[in-house]
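S.K.: Got a predicted structure here, sequence first:
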Amino acid sequence: MCIAVDPSIGGLLIIGPKGTGKSSIVRAFARLLPEIEVVVGCPFNDDPSKVNELCDRCRNILEKEGRLPVIRTKMKVVELPIGATEDMVLGTINIERTLKEGRVVFEPGILARANRNILYIDEVNLLPDHIVDSILDAAAFGWNVVEREGISLKHPAKFILVGTMNPEEGELRPQLLDRFSISVRINTLRDPELRKEIVKRNLEFERNPEEFCKAWQPQEEEIRESIIRARAMLSDVKVPEHLLDLVVQVCSELEVDGYRPDIVAIKTAKALAALKNRTVVDISDIKFGLSLALAHRTRAGGLKPPPSLSEIEEALFKGKTPAEKVVTERKERRVDKRSYRLPPFITFFR
């Protein structure tokens with residue numbers, strides 16, 4: 001939900017064992033997102049409101065007709081096949097047609113379809129490093145650049161990147177792992193009541209998918225509205241100076257490599273505050289942002305493993321007793337008294 005509110009946070013990596021619903025929750029995520037406006041027939045899903053980012057086709061239509069044909073559509077999950085080649089992912093320039101027709105003929109790839117949608121990479125740790133690296137570069141810059149035989153072309157590639165992996169099947173190279181902005185580790189639930197609920201919902205869905213989706217539609221709509229509301233107020237969310245100081249102090253003390261984690265932690269905290277309908281970030285948002293931004297980060301030049309949640313909390317509340325931690329969190333929450341009822345899983349993370 002945080003990256004839905006602010007896609008500039010970057011990619012999400014979900015790490016967990018097989019059979020824990022990683023793929024299911026990613027595919028279901030698209031149902032929670034608001035509809036978007038796209039130019040009819042555009043292979044890149046161009047945003048008609050952003051004239052500077054239009055492809056050549058859409059720009060020509062705008063120049064000739066003075067307006068663009070627009071349609072509203074749901075965001076999609078574009079899945080990357082494990083055996084995908086570089087041309088399949090990035091797209092390629094058809095040299096033969098380009099020379100024959102006297103214009104650049106681009107054959108769009110998966111990144112073109114993923115623009116303004118969700119790009120889902122299952123088993124990201126099994127993909128060749130150079131393909132993962134190209135995708136992460138496009139995600140970081142928001143553009144996909146294709147160069148073939150001296151011909152260059154680029155198109156917008158602004159997508160919500162989500163990757164999943166099972167660590168039992170191999171680790172992701174540290175340099176690539178660090179390029180994912182936030183991460184979540186999930187484990188198999190041991191609570192019999194929760195497992196029972198999973199089984200019941202699975203059986204209900206298989207028996208009647210339409211009825212199941214209809215029953216949960218009000219909750220999905222509530223989450224969708226919270227995302228729309230949070231997007232609208234994100235620019236008004238402020239981070240108090242002392243909390244900004246606290247984030248950089250924690251990252252420095254934990255010897256986290258690079259500066260990206262500091263930025264990501266703040267952005268995630270702001271998105272969470274917006275989801276909670278608050279215009280001021282508090283200590284609980286910072287704790288949440290740090291836990292997601294640092295859970296997979298290399299430290300001390302790669303010599304130390306990622307920090308545990310207890311290490312993050314210790315650095316965050318350095319020198320404070322458990323009672324003082326509670327008081328600190330309560331004081332911070334009183335900065336902005338407006339409340340908003342969160343979906344259950346956000347409450348769980350808190």
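M.R.: Right, received. Where do you want to start?

S.K.: Where does the prediction get shaky in this structure?
M.R.: 149, 319-350 (pLDDT under 70).

S.K.: quick one: furthest residue from the center of it?
M.R.: Residue farthest from the centre of the chain, counting by Cα atoms, centre = their mean, is residue 100 at 41.0 Å.

S.K.: Distance check, it against residue 94.
M.R.: Using Cβ to Cβ, to the nearest Å, residue 100 is found at 9 Å from residue 94. Yep, even glycine has a C-beta here, placed from its N, CA and C like the rest.

S.K.: likewise residue 267?
M.R.: Distance, residue 267 to residue 94, by Cβ to Cβ: 39 Å.

S.K.: More neighbours: those two, which one.
M.R.: residue 267 (23 against 14; other Cβ atoms under 10 Å).

S.K.: Let me know the helix or strand that that one is in.
M.R.: helix 260-275 (DSSP states H and E).

S.K.: cool, residue 311 as well?
M.R.: Going by DSSP H and E, residue 311 is in helix 309-316.

S.K.: relative to helix 260-275, how tilted is that helix?
M.R.: If you take axes from the mean of the first three to the mean of the last three Cα atoms, to 10 degrees, helix 309-316 sits at 90 degrees to helix 260-275.

S.K.: what's in contact with helix 309-316?
M.R.: Residues from elsewhere that reach helix 309-316 (Cβ atoms under 8 Å, 6 or more residues apart in numbering): 246, 249-250, 253-254, 283, 286-287, 290-291, 294-295, 307, 325.

S.K.: What is the most widely separated pair among those?
M.R.: The span of the contacts of helix 309-316, defined through Cβ to Cβ, is set by 295 and 325 at 19.9 Å.

S.K.: picking that back up, distance of the residue farthest from the centre of the chain relative to residue 87?
M.R.: For residue 100 relative to residue 87 (Cβ to Cβ), the value is 20 Å.

S.K.: same deal with residue 122?
M.R.: The spacing between residue 122 and residue 87, counted by Cβ to Cβ, is 20 Å.

S.K.: Which of these two has more residues huddled nearby?
M.R.: residue 122 (20 against 13).

S.K.: Who are the contact partners of the more buried one?
M.R.: Taking Cβ under 8 Å, 6+ apart, we find residue 122 in contact with 22-23, 79-80, 82, 163-164.

S.K.: any idea what sits nearest residue 287, other than its immediate chain neighbours?
M.R.: Distance criterion Cβ to Cβ, 6 or more residues apart in numbering; nearest residue to residue 287, sequence neighbours excluded, is residue 316 at 6.0 Å.

S.K.: Residue 297 contacts residue 178, correct?
M.R.: Yes. Residue 297 is within contact range of residue 178, at 6.3 Å (criterion: Cβ atoms under 8 Å).

S.K.: Tell me the residues that contact both of those two, please.
M.R.: By Cβ under 8 Å, 6+ apart, the residues touching both residue 297 and residue 178 are residue 257.

S.K.: higher neighbour count, those two?
M.R.: When residue 297 is set against residue 178 and neighbours are counted by other Cβ under 10 Å, the residue ahead is residue 297, at 24 against 20.

S.K.: Might you report the residue contacts of that one?
M.R.: Shown in contact with residue 297 (Cβ under 8 Å, 6+ apart): 178, 256-257, 261, 306-307.

S.K.: could I get those as JSON lines with secondary structure?
M.R.: As requested, the contacts of residue 297 are exported to JSON lines (DSSP: H, G, I helix; E, B strand; the rest coil):
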{"residue": "178", "secondary structure": "coil"}
{"residue": "256", "secondary structure": "strand"}
{"residue": "257", "secondary structure": "coil"}
{"residue": "261", "secondary structure": "helix"}
{"residue": "306", "secondary structure": "coil"}
{"residue": "307", "secondary structure": "coil"}
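
S.K.: If you rank the residues you listed by neighbours, which is first?
M.R.: Among those, residue 261 has the most neighbours (other Cβ under 10 Å), with 27 neighbours.

S.K.: For residue 24, see how far away it is.
M.R.: 29 Å.

S.K.: Let's see the helix or strand harbouring residue 89 as PDB, backbone CA atoms only.
M.R.: Using DSSP H and E, residue 89 sits within helix 86-90. Only the C-alpha atoms of helix 86-90 are listed here, as PDB (Å, rounded to 0.1, in the frame of the first residue of the first chain):
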ATOM      1  CA  GLU A  86      16.800  -9.400 -22.700                       C
ATOM      2  CA  ASP A  87      14.900  -8.500 -25.900                       C
ATOM      3  CA  MET A  88      11.600  -9.900 -24.400                       C
ATOM      4  CA  VAL A  89      12.100  -7.700 -21.400                       C
ATOM      5  CA  LEU A  90      13.500  -4.400 -22.900                       C
END
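
S.K.: That one - contacts with which helices or strands?
M.R.: helix 110-114, helix 129-141 (3 or more Cβ pairs under 8 Å, 6 or more residues apart in numbering; DSSP states H and E).

S.K.: rerun that using 6 Å as the cut-off
M.R.: Under the contact criterion of 3 or more Cβ pairs under 6 Å, 6 or more residues apart in numbering; DSSP states H and E, helix 86-90 touches no helix or strand at all.

S.K.: Distance from the chain centre to that helix, please.
M.R.: Remark: helix 86-90 is offset 21 Å from the chain centroid, using Cα atoms, centre = their mean, to the nearest Å.

S.K.: Give me the residues contacting it.
M.R.: Outside of helix 86-90, the residues within contact range by Cβ atoms under 6 Å, 6 or more residues apart in numbering are 109-110, 131, 146.

S.K.: Thanks a lot, catch you later.
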